[in-house]
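J.: Give me coordinates for this.
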Amino acid sequence: MITAKARAVDGPDKSFRAAEIKRRDLDLHDVLIEIKYAGICHSDIHTAHGEWGAVNYPLVPGHEIAGVVSDVGGEVTKYKVGDRVGVGCMVDSCGECESCRKGEEQYCLKGNVPTYAGVDKYGEPTQGGYSTHIVVTEDFVVRIPDNIELDAAAPLLCAGITTYSPLNHWGAGTGKKVAVVGMGGLGHMAVKIANAMGAEVTVLSQTLNKKEDGLKFGAKNYYATSDPETFEKLVGSFDLIINTVSAKIDISAYLSLLTLDGTLVNVGAPAEPLSLNVFSLIGHRRSFAGSMIGGIRETQEMLDFCAKHNIIPNIEVISADQIDEAYERVLASDVKYRFVIDISTM
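T.: The predicted model follows:
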């Protein structure tokens with residue numbers, strides 16, 4: 001077994017503490033990664049606080065992982081020691097169901113194995129990237145392009161793919177009008193990626209506080225959703241809306257902003273149920289959809305796309321001792337735009 005330093009939390013109201021965790025010995029197709037950076041995702045906070053259901057504590061969150069291969073199993077063919085690699089929100093799946101065969105492992109019919117707060121095929125709980133090392137089967141490791149620094153790469157493994165996948169699936173591109181709800185870690189990536197795809201991008205944020213940033217990231221327009229006139233002015237404007245916020249919003253109001261056959265896609269995952277007026281859908285043949293990360297193939301595609309278009313997240317690098325403070329600041333929307341833990345400070 002491999003011993004890794006980590007930061008763990010023991011309950012929904014507990015602070016993070018230094019810990020040691022065990023990583024399994026390498027199986028034939030396993031890769032041992034020395035983690036250099038780990039992003040902080042809102043999902044980490046929901047899970048650590050027990051907001052999405054029961055959690056098997058102690059918990060080591062983190063599914064935005066960037067590092068370097070330090071060892072490989074005897075039959076690994078995709079990676080070698082020294083390769084720059086990443087791990088996202090899942091570390092395994094059945095590999096046999098229809099979804100997996102299509103390269104959509106995130107929708108594995110038997111359930112994918114999440115990077116943390118899950119149970120692996122050996123029956124052991126999975127622990128995430130707030131740690132110095134992780135062991136992952138090679139099929140769930142992706143290669144980080146040379147022109148993306150590891151600290152900037154980390155958030156792409158969740159925030160990047162979570163926004164790239166629906167933009168790609170619903171055809172954001174030249175001639176399409178795309179609105180992004182929220183300008184946080186996910187939202188700012190959605191703006192950058194949609195703009196690079198050629199879409200005309202509008203940000204819908206609660207206030208205009210981040211307008212300057214939004215326009216700099218590639219948005220053509222920026223509106224405050226706290227202003228009722230926004231919803232009157234923009235009725236029927238957008239082909240696609242990506243909702244990135246993890247809070248309850250008035251879905252029906254946002255559906256009214258779609259064109260005929262437009263789609264509103266939820267990627268933010270609030271703990272509370274959302275409701276809508278069905279007439280918001282049937283009146284203009286609109287759709288309300290959801291999207292969850294992306295498969296491994298698409299995640300690699302996203303990384304290569306970001307490398308080609310020089311897209312990286314805006315990050316604030318913190319030490320391992322600042323995780324609790326970072327969680328508080330995320331909840332207060334006081335981050336531009338993603339916290340990344342420097343794992344060398346473990």
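
J.: hey, let's count contacts and neighbours off CA atoms from now on
T.: OK.

J.: Provide the contact partners of the helix or strand encompassing Glu212 at residue level.
T.: Assigned by DSSP states H and E, Glu212 belongs to helix 211-217. By C-alpha atoms under 8 Å, 6 or more residues apart in numbering, the surrounding residues in contact with helix 211-217 are Met183, His188, Val191, Lys192, Val203, Asn221, Tyr222.

J.: buried ones in stretch 71-80?
T.: By 16 or more other C-alpha atoms under 10 Å, the buried positions in stretch 71-80 come out as Asp71, Val72, Gly73, Val76, Tyr79.

J.: The first one in helix, strand or coil?
T.: The local conformation at Asp71, judged by DSSP: H, G, I helix; E, B strand; the rest coil, is strand.

J.: If we ignore the residues flanking it in sequence, what's nearest Ala159?
T.: Once flanking residues are discounted, Ala159 sits nearest to Leu186: 4.9 Å by C-alpha to C-alpha, 6 or more residues apart in numbering.

J.: ok, the one you found - contacts?
T.: Contacts for Leu186 were tallied using C-alpha under 8 Å, 6+ apart; they are Ala159, Gly160, Thr162, Thr163, Thr244.

J.: you'd agree it is in a helix?
T.: Yes: per three-state DSSP, Leu186 lies within a helix segment.

J.: Please tell me how far it sits from Met346.
T.: Separation of Leu186 from Met346 (C-alpha to C-alpha, to the nearest Å): 26 Å.

J.: Just the buried ones from the contacts of helix 211-217, in PyMOL syntax?
T.: Restricted to buried positions by 16+ other C-alpha under 10 Å, the PyMOL selection for the contacts of helix 211-217 reads:
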select buried, resi 183+188+191+192+203+222
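
J.: And the strands in the stretch 51-200 of the chain?
T.: Ranges of strands within the stretch 51-200 of the chain are 65-72, 84-87, 90-92, 113-114, 133-137, 142-143, 177-181, 200-205, based on DSSP state E, counting those that start in this stretch.

J.: if you average pLDDT over the first one, what comes out?
T.: Think strand 65-72. The pLDDT scores in strand 65-72 average 98.

J.: Remind me what that strand packs against, helices and strands.
T.: Secondary-structure packing of strand 65-72 (3 or more C-alpha pairs under 8 Å, 6 or more residues apart in numbering; DSSP states H and E): strand 30-39, strand 84-87, helix 150-153.

J.: CA atoms of that strand as PDB?
T.: Extracted in PDB, the C-alpha atoms of strand 65-72 (Å, rounded to 0.1, in the frame of the first residue of the first chain):
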ATOM      1  CA  ILE A  65      -6.500  16.700 -10.200                       C
ATOM      2  CA  ALA A  66      -3.400  17.600 -12.100                       C
ATOM      3  CA  GLY A  67       0.000  15.900 -11.600                       C
ATOM      4  CA  VAL A  68       2.800  13.800 -12.900                       C
ATOM      5  CA  VAL A  69       2.900  10.000 -13.400                       C
ATOM      6  CA  SER A  70       5.400   8.500 -10.900                       C
ATOM      7  CA  ASP A  71       4.800   4.800 -11.500                       C
ATOM      8  CA  VAL A  72       2.800   2.500 -13.800                       C
END
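
J.: mind listing what that strand pairs with, with the direction of each?
T.: Strand 65-72 pairs in its sheet with strand 30-39 (antiparallel), strand 84-87 (antiparallel), by DSSP bridges.

J.: contact partners of the longest one?
T.: Under the criterion C-alpha under 8 Å, 6+ apart, residues 26, 62-73, 76, 79, 85, 129-138, 150-151, 154-155, 338-344 lie in contact with strand 30-39.

J.: Quick check on the residues you listed: which are buried?
T.: 26, 62-73, 76, 79, 85, 129-138, 150-151, 154-155, 338-343.

J.: How is Trp323 assigned, secondary-structure-wise?
T.: One correction, residue 323 is Ile, not Trp. helix.

J.: Identify the residues contacting the residue nearest in space to the middle of the chain.
T.: When C-alpha atoms, centre = their mean is applied to the chain, the residue found nearest the centroid is Cys158 (2.4 Å). Residues near Cys158 by C-alpha under 8 Å, 6+ apart: Cys41, His63, Glu64, Gly88, Cys89, Ile293.
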